[in-house]
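Trainee: Fold the following.
(one chain, ligands or ions: 1)
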Amino acid sequence: MSTKISHTISVKHIEKSRINEVDFNNLIFGNDFTDYMFECDFRNGSWGNPTIKPFGNLSISPAAKVFHYGQAVFEGMKAYKDEQGKIWLFRPEDNFNRINKSSKRLAIPEFPKEIFFEALESMLLLDKDWIKPGFGNSLYIRPFVIATESGVSASPSSEYKFMILFSPAQAYYSGDVKVVIAEHFSRSADGGVGAAKAAGNYAAQFYPTNLAKEQGFHQVIWTDSNEHKYLEEAGTMNVFFRINDTLITAPISDRILDGITRKSLIALAKRDGITVEERRITIQELIEASKNNALKEIFGTGTAAVISPVSDFSHQQVVYHLPKISNSFATIFKTKLMEIQYNKSEDTFGWRYPVE
Ligand code: COI
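Mentor: Residues are numbered from 1 along each chain as shown. The predicted structure is shown next:
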């Protein structure tokens, strides 16, 4: 059956939900997808034919530019269900603005805001049973854009597909994360695409991360590409260092993703009277702080992982361990952030967005 849910978006309905095939108590991040997906095509200079349809495979030319030149960007967001069964998004305008910023950097046409929100909210209502209540349960939302024009000339595509997928999620990392500080590889460079959520940024991390895993670590802490002296990001996350009671994180630049969890954490910490420094921090400063017992915590922040504590870091083959502390900022602010996301505490910043 096919219906129109608005003046713009058509819906092709599923025949039968797959929800009973999914074990919601044992989810592996990003492995299961809901009943629906959203698709909208850019052709002849405009976005058109926005459709919500059953999740399924695409048929795309093997010569599509995305396969050859990686012209693709994505976003990561989450929907939450509160104890009353109401659905909430968290700062979705920031994700919308960021995907368009990423698109611009990759020469992809910007997507219209009205269709983005209408698609997102309509699909959330169709897939609402896939959002389980309970602290830690969420629906990971993956909007993305790919270049679909067939042709291997190295130039921007004239055709694109904007899509949204939903994947039920629990925690991203279980347990503490052990990281290696990058001494050779880089995830981004001045003037590059590090600040964009470009698909290729993540592909470029896989090989160095595999090398780190072979040594028993989980992730890489990325350093500046010029000198490998300054600490910039951790794996797919922004990174924070707590030295005594001051939180330090790299300033936003060409090389650093303007993380929504990052800026939310900064706002919460400042509100609670914690000193937050957005400044460059060197490996040397980190190691000295660790030796003086001033380094209390390292943690990554991102939509998927929320806040992920680091238990050990390695540099030049030396491993530095961070002892567990009782008043961990990672734990305190993860709870405070999630209480806002799950509608359990007052939202003084106006970050929650109701879906109805
Ligand atoms: C996110 O936190 O949304 C990310 O971008 C991580 C993703 C690569 C799994």
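Trainee: Please name the residues that touch the residue of the stretch 101-250 of the chain found nearest the ligand.
Mentor: With Cβ to the nearest ligand atom as the measure, T236 is the residue of the stretch 101-250 of the chain nearest to the ligand, at 4.1 Å. Using the backbone N, CA and C atoms, a C-beta is placed for each residue, glycine as well. By Cβ atoms under 8 Å, 6 or more residues apart in numbering, T236 lies in contact with 202, 205, 302, 304-305.
Trainee: Quick check: the gap between it and F29.
Mentor: 11 Å (Cβ to Cβ, to the nearest Å).
Trainee: Pull up the overlap in contacts between these two.
Mentor: A304.
Trainee: Show me how the record splits this protein into domains.
Mentor: 2-169, 177-339 (automatic domain parsing).
Trainee: and those domains as a markdown table, adding distance to V355 and mean pLDDT?
Mentor: Formatted as a markdown table, those follow (distance: least, Cβ to Cβ, whole Å; pLDDT from 0 to 100):
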| stretch | distance to V355 | mean pLDDT |
| --- | --- | --- |
| domain 2-169 | 4 | 96 |
| domain 177-339 | 17 | 97 |
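Trainee: Quick one: residues contacting the residue in the chain positioned nearest to the ligand.
Mentor: Among all residues of the chain, G76 sits closest to the ligand, at 2.0 Å; criterion: Cβ to the nearest ligand atom. With contacts defined as Cβ under 8 Å, 6+ apart, G76 is in contact with 95, 140-142, 197, 302-304.
Trainee: Kindly report the same for A63.
Mentor: 150-152.
Trainee: next one: stretch 217-231 to chain centre, how far?
Mentor: 19 Å (Cα atoms, centre = their mean, to the nearest Å).
Trainee: How about residues contacting that stretch?
Mentor: 173, 177-190, 205, 208-209, 212, 232-235, 239, 241, 250, 255, 280-284, 286, 300, 312-314.
Trainee: Then stretch 116-126?
Mentor: 5-6, 8-9, 11, 35-38, 40, 50, 52, 79, 87, 89, 92, 96, 131, 139, 141, 143, 164, 166, 355.
Trainee: Out of the residues you listed, name the ones that lie in helices.
Mentor: Using DSSP state H, 92, 96 are the members of the contacts of stretch 116-126 that sit in helices.
Trainee: Of the contacts of stretch 116-126, select the buried ones using a PyMOL command.
Mentor: To isolate the buried ones among those in PyMOL, judged by 16 or more other Cβ atoms under 10 Å, type:
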select buried, resi 5+8+9+11+35+36+37+38+40+50+52+79+87+89+92+96+131+139+141+143+164+166+355
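Trainee: Identify the bridge partners of A234.
Mentor: Bridge pairing for A234 (DSSP bridges) gives the partners I221, M237.
Trainee: coming back round to it: now render the contacts of T236 as TSV, adding secondary structure and distance to E346.
Mentor: Converted to TSV, these look like this (DSSP: H, G, I helix; E, B strand; the rest coil; distance: Cβ to Cβ, whole Å):
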residue	secondary structure	distance to E346
Y202	helix	35
Q205	helix	37
G302	strand	24
A304	coil	26
A305	coil	25
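Trainee: restrict those to those near the ligand?
Mentor: Among these, the residues lying close to the ligand (Cβ under 6 Å from any ligand atom) are 202, 302, 304.
Trainee: Filter those down to the buried ones.
Mentor: 302, 304.
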